[in-house]
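# Got a predicted model here, sequence first, then my questions.
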Amino acid sequence: MTQEPVKREKNTLGDYLALSPMIDYFMRVFKKDGGSRHINFNLRMMHGINRISILMFLFCLIVIIIRRLFL
């Protein structure tokens, strides 16, 4: 018996520009789930720094676009 190859759908532009994963990342709240997942100080700081860097990147990207369009 041979398996048939799985057909993959082609990615669209909307898949690449989807903002929901980024919004989910920013809105994620570390909940206590019965102690099964231990989140320490270092991990929280790492996620905080990641959020700051993403926000700075988006801000700079907006500034660059505005400068190109209007100046």
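Arrived safely. Numbers count the residues shown, from 1 in each chain.
# only C-alpha atoms for contact and neighbour calcs from this point on.
OK.
# Where does pLDDT dip in this protein?
Filtered on pLDDT under 70, the chain yields the residue ranges 1, 28-38.
# biggest helix in it, by residue count?
Longest helix in the chain by number of residues (criterion: DSSP state H): helix 41-70.
# Can you name every helix or strand that it contacts?
Here helix 41-70 touches no other helix or strand, going by 3 or more C-alpha pairs under 8 Å, 6 or more residues apart in numbering; DSSP states H and E.
# roughly how far is it from the heart of the chain?
With C-alpha atoms, centre = their mean, to the nearest Å as the basis, helix 41-70 stands 12 Å off its chain's centre.
# contacting residues for the spatially most central residue of the chain?
The centroid of the chain falls nearest to residue 22 when counting by C-alpha atoms, centre = their mean (3.3 Å). Residues in contact with residue 22 (C-alpha atoms under 8 Å, 6 or more residues apart in numbering): none are found.
# Against residue 16, how distant is it?
In this view, residue 22 and residue 16 are 12 Å apart by C-alpha to C-alpha, to the nearest Å.
# about what we covered before: quick one: what helix or strand has the residue nearest to the centre of the chain in it?
Element membership of residue 22 [criterion: DSSP states H and E] is helix 20-27.
# could I have that helix exported to PDB, CA atoms only?
This file holds the C-alpha atoms of helix 20-27, laid out as PDB (Å, rounded to 0.1, in the frame of the first residue of the first chain):
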ATOM      1  CA  SER A  20      -4.100  37.600  15.100                       C
ATOM      2  CA  PRO A  21      -1.000  35.700  16.200                       C
ATOM      3  CA  MET A  22       0.700  39.000  17.200                       C
ATOM      4  CA  ILE A  23      -2.400  40.200  19.000                       C
ATOM      5  CA  ASP A  24      -2.700  36.900  20.800                       C
ATOM      6  CA  TYR A  25       1.000  37.200  21.900                       C
ATOM      7  CA  PHE A  26       0.400  40.700  23.300                       C
ATOM      8  CA  MET A  27      -2.800  39.700  25.100                       C
END
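# what's the angle from that helix to helix 41-70?
Put simply, helix 20-27 runs at 130 degrees to helix 41-70, going by axes from the mean of the first three to the mean of the last three C-alpha atoms, to 10 degrees.
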